[in-house]
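Participant: turn this into a model:
(one chain, ligands or ions: 1)
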Amino acid sequence: MSSPHFSVSDTLGILRLAAESPYEDEAVNQLQHALQTAQQARDAGSDDVMVAAALLHDIGRAPAVLGYYGEGVHEYVGAKFCAEHISERAAYLVGQHVPAKRYLVATHPAYGDNLSAASIRSLTRQGGPMTPAEVAQFQAHEFHKDAAQLRCWDDGAKDRTAITDDLSSYEDLLYRVWSGSTSADPT
Ligand SMILES: [Fe+2]
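Facilitator: From the prediction side, this is the model:
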């Protein structure tokens, strides 16, 4: 198997740099947002791929990743990253985190009440609530409930005061899921 483009340590570096970028109009930066999303996945006892997908769900916003995969909406750039570096399941979870918002708005009326103002604003740009046909198509995927769950963690990861584990605590987990990785220290 050929080595993926970005190593685990490159990826941790990209996430560290994300601390310098605001997360849309929210009160957290992009690193805090990633850590808070992953923390909820970890606290729920999720498997490694689910935790990695939570941590990396917005990796498609990073300039280094956009520069490598080309322009595109961040969820699909992130999905390309995860397909190359982790697995198709991780790619699906990351690629669907925006459609999952459209799904939840259409199927769970109370869900929309808890969205942040920025998230409500972006919903229109993202296509608004799913149509019944889109809902049926979304529900046909075997991992759609995981994608919806990840979306709920994403929505709950905008708390300026939340305490999370450090980024370094995900290093071993990323090595376990990384394509072509055979050890926690491949150097
Ligand atoms: Fe997010």
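
Participant: what mean pLDDT does the longest helix anywhere in the chain get?
Facilitator: Among all segments of the chain classified by DSSP state H, the helix with the greatest residue count is helix 30-43. Averaged across helix 30-43, pLDDT comes to 97.

Participant: quick one: list the elements packing against it.
Facilitator: Helices and strands in packing contact with helix 30-43 are listed as helix 8-17, helix 48-56, helix 144-155; criterion 3 or more C-beta pairs under 8 Å, 6 or more residues apart in numbering; DSSP states H and E. In this view, the C-beta of every residue, glycine as well, is placed from N, C-alpha and C.

Participant: Throw those helices into a markdown table and include mean neighbour count, mean pLDDT and distance to the ion, thanks.
Facilitator: Below are these laid out as a markdown table (neighbours: other C-beta atoms under 10 Å; pLDDT from 0 to 100; distance: least, C-beta to the ion, whole Å):
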| stretch | mean neighbour count | mean pLDDT | distance to the ion |
| --- | --- | --- | --- |
| helix 8-17 | 17 | 96 | 13 |
| helix 48-56 | 25 | 98 | 9 |
| helix 144-155 | 20 | 97 | 4 |
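
Participant: would CSV of these with distance to Asp25 be doable?
Facilitator: Supplementary listing: the helices and strands packed on helix 30-43 in CSV, determined by distance: least, C-beta to C-beta, whole Å:
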stretch, distance to Asp25
helix 8-17, 20
helix 48-56, 21
helix 144-155, 14
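
Participant: closest to Ala106 out of the ones you listed?
Facilitator: Among the helices and strands packed on helix 30-43, helix 144-155 comes nearest to Ala106, with 11.2 Å by C-beta to C-beta.

Participant: can you list contacts of that closest one?
Facilitator: Counting contacts by C-beta atoms under 8 Å, 6 or more residues apart in numbering, the residues outside helix 144-155 that touch it are 33, 37, 40-41, 44, 50, 53-54, 57, 92-93, 96-97, 99-101, 103-104, 111, 114-116, 119, 138, 141.

Participant: this completes my enquiry, with thanks.
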